[in-house]
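In: Need a 3D model of the sequence below.
(2 chains)
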Amino acid sequence: MSAKVDLSVNFAGLSLKNPVMTASGTFSAKASGEYYDISRLGAVITKGVAAEPWMGNPTPRIAETYGGMLNAVGLQNPGAKAYIEEELPFLAKYDVPVIANLAGHSVEEYCAVTELLNETDVKMFELNISCPNVKEGGIGFGTDPRMAAAVTEAVKKVAKKPLMVKLTPNVTDITAIARAVEDAGADAVSLINTLLGMRIDLRTKKPLLANGTGGFSGPAVKPVAIRMVYQVRRAVKVPILGLGGIMTGEDAAEFLMAGADAVAVGTAALVNPTAPVDVVEGLRAFMEQNGYENIAALKA
Amino acid sequence: MKQVVTAHIAHNRELIPGIHQMELTLPDGFEQGHAGQFVNVYLNDGVHLLPRPISICRWEGSRLTLVYRAGGAGTKLMAAMKEGETLGVSSPLGNGYTLPESGHVLLVGGGVGVPPLFETAVEAKAKGLKVTVAVGYRDALFLKEEFDSAADEVLIATEDGSFGFKGNIVQLLETKQLPEDTVILSCGPKPMLRALRDFAAKRNMKLFVSLEERMGCGFGACVGCIAKLNIGGEVVQKRVCKDGPVFDGSEVIFE
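Out: Have a look, this model is predicted:
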């Protein structure tokens, strides 16, 4: 058996040393970088950034549940200017491609942040279309094929980097949304975003989260994510970033076998701060043990 | 680098109903925490995934003492753990208290905000400061002997009057003469901190408060726990786990 395995992948034109990324919203260069060398990752996807600062939701923003958690951070972010002046220079010290996750309340806002980040060293954009569209009654862009396509097409027109679109699982048929964004020009899709959930406080009889609902994530959601990656693989040709409950290298392998071309580690990084690099090493060990020389062999 | 290590439980016992003390043995050479910081405790049971952020009650070399309330599912599981069992423990987190170079510190705590004041009292005393501890309890006392040994003066209030002053700790402080150079370091429920802010403002004393908030990661990545501060008229959101948990009491917006 070959002891040396090749984890490198090409993902939508990006050459990555391995297929493991951080999932948006669970990574902070400064905080996460205190636990591991960020350069060991395939790529990092930074926290959702909008053109202007967002305050996010009131607290509590976090609730725990069996094998997972709910969050309603509300995409608090310092805006594109602070992102460009603080987060990106800090990340430039590492040998790792940066993918910027973009947030907006309207097509115009998505395009605005895209244009602000066009001239940076960011290597790819990930469009978070799970935000509510304030101009269409607050319906999530990602829950309607027509709106998902419209925002993808508009951002693709102004984007000077490859565009990945992050899909929400809170839909009847995720393949319809995936096809719509592929037709609208998406260079890749990432899935799944969090599942919509809620918990009730037994003392107050009201929702635990100040926002009421929150995004459910963690290992408990993994079978839902695997199923959706498997379905979307059969619906579109563009590369897929698979995520949702990955805790270990074996979990990552499962996503790759289901049809993902790369994977992202999210909630696991809150449970174990070194989880993203542990997944890289776990995947390497899994491939060595099973005689897979490269990612293509693992997926075949 | 910060890390999460395996810690062995040396002792775990109930001090008063609902309040437990756990002594953990840490690996040699582990970064030592200081007053007002906390550690993330990982249950590693595959079900309760998020860390429990728990304040440092005392840290001596490889021996870490945590005093915690068994209130939620995770801390109840901690309370049921036995000597010899293991937990994941993070490197010390958060900013902690900054002790003044000289003078008098008044350490004010209430309920489960009392434990971190013990490490603070020990460090303040070692620095040569005059230390007054003022702690409020509902009824039963805990850590009293520890405070008696570490502080110059210990003031106690109980809600039911079963020990010391009857009422809350800020009401007790209103009756006291304090040196003008007193710096107040506090940890406790929000109503206590709010009353303390007004108390400190009236007496023109510096006040630092340690805040509690529901956390996700506990190390600054997820932005789950935030406090709102008023800094020069501008509302600023800070992460309790990373930028805090200790903030300038005059800047915190208590909602």
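In: what about residue 68, how many residues close to it?
Out: Let's take chain A. Using other Cβ atoms under 10 Å in any protein chain shown, residue A:68 has 23 neighbouring residues. Placement of C-beta: from N, CA and C, glycine included.
In: Not quite, go with chain B.
Out: Neighbours of residue B:68 under the rule other Cβ under 10 Å: 21.
In: how about the residues of the stretch 51-200 of chain B near chain A?
Out: B:51, B:73, B:74, B:90 (Cβ under 8 Å from any Cβ of the partner chain).
In: most neighbours, which of these?
Out: residue B:51 (28 neighbours).
In: nearest residue to it other than its sequence neighbours?
Out: Closest residue to residue B:51 apart from its sequence neighbours, by Cβ to Cβ, 6 or more residues apart in numbering or on different chains: residue B:40 at 3.5 Å.
In: quick one: average pLDDT of stretch A:129-140?
Out: For stretch A:129-140, mean pLDDT rounds to 75.
In: next one: stretch A:238-245
Out: 98.
In: Now do the contacts for whatever residue of the stretch 101-250 of chain B ends up closest to chain A.
Out: The nearest approach of the stretch 101-250 of chain B to chain A comes at residue B:220, 3.3 Å away (Cβ to the nearest Cβ). By Cβ atoms under 8 Å, 6 or more residues apart in numbering or on different chains, the contact set of residue B:220 is A:28, A:30, A:31, B:239, B:241, B:242, B:243.
In: Can you say which of these are buried?
Out: For the contacts of residue B:220, a burial check counting by 16 or more other Cβ atoms under 10 Å in any protein chain shown picks out A:28, A:31, B:239, B:241, B:242, B:243.
In: domains in chain B, as residue ranges please.
Out: Per the record, chain B has its domains at B:4-90, B:104-210, by automatic domain parsing.
In: Using a markdown table, lay out those together with distance to residue A:257 and mean pLDDT.
Out: Listed next are the domains of chain B as a markdown table, based on distance: least, Cβ to Cβ, whole Å; pLDDT from 0 to 100:
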| stretch | distance to residue A:257 | mean pLDDT |
| --- | --- | --- |
| domain B:4-90 | 23 | 96 |
| domain B:104-210 | 47 | 96 |
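In: out of those, which comes closest to residue A:248?
Out: domain B:4-90 (11.6 Å; Cβ to Cβ).
In: re the thing from before, which stretch of helix or strand covers the residue nearest to residue B:51?
Out: For residue B:40, the element it lies in under DSSP states H and E is strand B:38-42.
In: Show me what whichever strand or helix holds residue B:149 packs onto, helices and strands only.
Out: Applying DSSP H and E as the criterion places residue B:149 in helix B:144-150. Judged by 3 or more Cβ pairs under 8 Å, 6 or more residues apart in numbering or on different chains; DSSP states H and E, the packing partners of helix B:144-150 are helix B:116-126, strand B:130-137, strand B:153-158.
In: can you list contacts of the second one?
Out: If I follow you right, that is strand B:130-137. When contacts are defined by Cβ under 8 Å, 6+ apart, strand B:130-137 is touched by residues B:103-111, B:114, B:117, B:121, B:124-125, B:143, B:147, B:150-159, B:163, B:168-169, B:172-173, B:178-179, B:188, B:192.
In: The shortest one now?
Out: With Cβ under 8 Å, 6+ apart as the contact definition, strand B:153-158 has outside contacts at B:131-139, B:141, B:144, B:147-148, B:163-169, B:171-173, B:176.
In: mind running it again at 6 Å?
Out: By Cβ atoms under 6 Å, 6 or more residues apart in numbering or on different chains, the surrounding residues in contact with strand B:153-158 are B:132-137, B:139, B:147-148, B:163-165, B:167-169, B:172.
In: Could I get the pLDDT score of residue A:78?
Out: Residue A:78 is given a pLDDT of 95.
In: cool, and residue A:1?
Out: The model reports residue A:1 with a pLDDT of 46.
In: Good, we can wrap up now.
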